[in-house]
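[1] would you be able to build a 3D model of this:
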Amino acid sequence: MAVTLHPAAQAFDSIAARFDTRYGHWRSVAAQRAAVRRCLVRAFPVGASVLELGGGTAEDAAWLTRQGRVVTMTDVSPTMIEVARAKLAPLGAPLPYVVDAGALDDAASSLVMRNEGPFDGAFSNFAALNCITDLTPTARGLAQVVRPGGHAVLVVFGTLSVGEVVVQLIRRDPRAAIRRWSRGDVTAKLGGQTFSVRYHRRGDLIRVMAPWFHLISTKGIGVFVPPSAAEPWISGWPSLLRGLEFADGIVSGALAPLGDHVLYAFERTTVAAAS
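    Sure thing, here's the model as predicted:
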């Protein structure tokens, strides 16, 4: 029986086969991904069991696996999972499978069973959670799958990204320049598919993750490194990009709200998970 995917899943499913070809060679994406990975290896020690939400084509899951972490990758797109499986199987990683992070509470018991117990931590990179309007089921599910003391590292779109504003104004698209200021759902388009995006704010994330998680740090990802909207132009200037990466390393904590993405690191409390 055919499964009907919700709009965001349809959009990413439609570009899964060419996703790495489109984004894999962009230096701005690589720079931002490297900044996230430095945080991930600090949050999750060698040998840690880690759940990934919205893992796409498994670029981060494969990298973390090679760094000695045990990563169970999930994504809402079946075709993304097929691409991811081809990367992860040769590494001996747990096979990825389809999970809707927006209904994580429904999948929590199965995930814990597959992992033979709670995970040491969980993460989501590059705004997968921005495709979810209400993160309450996601937070409730994370509380069920992450052990007390474990970390949840969530990377979402920044709502005050200066780089996004500048790039979109240069492209003469003022509406896109300010779209992240919206507090409601915003229409997005990818692969010819239309879906909704929600730009989650710091206070909203803290509230939805409580009382099961408390915020321990934030980091701007791409404060000076521009968003992917600057591609492919910025990839033609590698020396400039290296300088922007260096600057990000200095100011990413103090200027976290200005990042293209913002990384929120939470710690699991001892409050019992909702069932």
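[2] rest of the way, CA atoms for contacts and neighbours
    OK.
[3] check which helix or strand covers the nearest residue to A176 once chain neighbours are set aside.
    Residue nearest to A176 in three dimensions, not counting chain neighbours: Q168, with 6.1 Å by CA to CA, 6 or more residues apart in numbering. Counting by DSSP states H and E, the element that carries Q168 is helix 162-170.
[4] please apply the same query to D120.
    strand 119-124.
[5] ok, I250 next?
    Going by DSSP H and E, I250 is in helix 238-251.
[6] ok, and for that helix, which residues are buried?
    Using 16 or more other CA atoms under 10 Å as the burial criterion, the residues of helix 238-251 that qualify are 241, 244-245, 248-249.
[7] of the residues you listed, closest to L135?
    Checking the buried residues of helix 238-251 against L135 by CA to CA gives D248 as the nearest, at 28.4 Å.
[8] let me see the confidence value for that closest one.
    Note for D248: predicted pLDDT of 97.
[9] how far away is it from V223?
    When distance is defined by CA to CA, to the nearest Å, D248 is 6 Å away from V223.
[10] same thing with P118?
    Distance, P118 to V223, using CA to CA: 34 Å.
[11] just R140 next, same as before
    30 Å.
[12] quick one: which of the two has more around it?
    V223 (31 against 23; other CA atoms under 10 Å).
[13] from memory the more buried one sits against S252, does it?
    Yes: if you go by CA atoms under 8 Å, V223 and S252 touch, sitting 6.5 Å apart.
[14] shared neighbours, the two?
    Residues touching both V223 and S252 (CA atoms under 8 Å, 6 or more residues apart in numbering): G259.
[15] any low-confidence regions in the chain?
    Applying pLDDT under 70 to the chain flags residues 1-4, 275.
[16] all helices of it, in order?
    Ranges of helices in the chain, per DSSP state H, are 7-15, 19-23, 27-43, 59-66, 78-88, 104-115, 136-145, 162-170, 174-177, 202-209, 238-251.
[17] gap between the third one and the chain center?
    Spelled out, that is helix 27-43. Distance of helix 27-43 from the chain centroid (CA atoms, centre = their mean, to the nearest Å) equals 11 Å.
[18] what angle separates it from strand 119-124?
    Comparing the axes of helix 27-43 and strand 119-124 via axes from the mean of the first three to the mean of the last three CA atoms, to 10 degrees yields an angle of 160 degrees.
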